[in-house]
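1. Would you be able to build a 3D model of this:
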Amino acid sequence: MRWCVMALCACILMVANGCKSTSTSSDVGQGQLVFQKDSATCADTVNTELYVDAVSLGQYTMRPGSIVGFTEPAGTHIANATERAGVLRQFPSQPVTVPAFGSGYYAMKCSSKTPPATPPSPSPAGR
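-> Modelled structure (predicted):
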């Protein structure tokens, strides 16, 4: 009886140790997915909602040149962003490759042209 109890304990320990070592995300590795608002094409500071793989990571105040990074599993992810005030600009979805123990970057570039405040008046016809 004593041997059966010891054998049962040994089996439980082996199974528990085997379950502990079957992790999926740590086997792939982690990296950083970094959002950066371009300082050359952007001039405004706006609350911006950041997305990775269609999941919102929250709203962050993004100034020209500012960066926000998130730990993600290594691999290719789809990143995009939407400003929630001001111009209400949507940045396009782009694939970003996140290397294990490295960084992948999503550049948020604003339009280099600002739309006119009022539409231009039509020129008189026939003059």
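2. can you map out the strands along this protein?
-> All strands of the chain, identified by DSSP state E, fall at 30-37, 46-52, 55-62, 67-73, 75-83, 90-98, 103-108.
3. Now render the ones you listed as TSV, adding mean neighbour count and mean pLDDT.
-> Every residue, glycine included, has its C-beta placed from N, CA and C. TSV is the format used below for those (neighbours: other Cβ atoms under 10 Å; pLDDT from 0 to 100):
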stretch	mean neighbour count	mean pLDDT
strand 30-37	20	97
strand 46-52	19	96
strand 55-62	14	96
strand 67-73	15	97
strand 75-83	18	97
strand 90-98	15	96
strand 103-108	18	97
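4. what does stretch 30-40 contact?
-> 48, 50, 52, 60, 62-74, 77, 79, 81, 96, 98-110 (Cβ atoms under 8 Å, 6 or more residues apart in numbering).
5. hang on, isn't residue 91 packed against residue 82?
-> Yes: because the distance of 7.1 Å satisfies Cβ atoms under 8 Å, residue 91 is recorded as touching residue 82.
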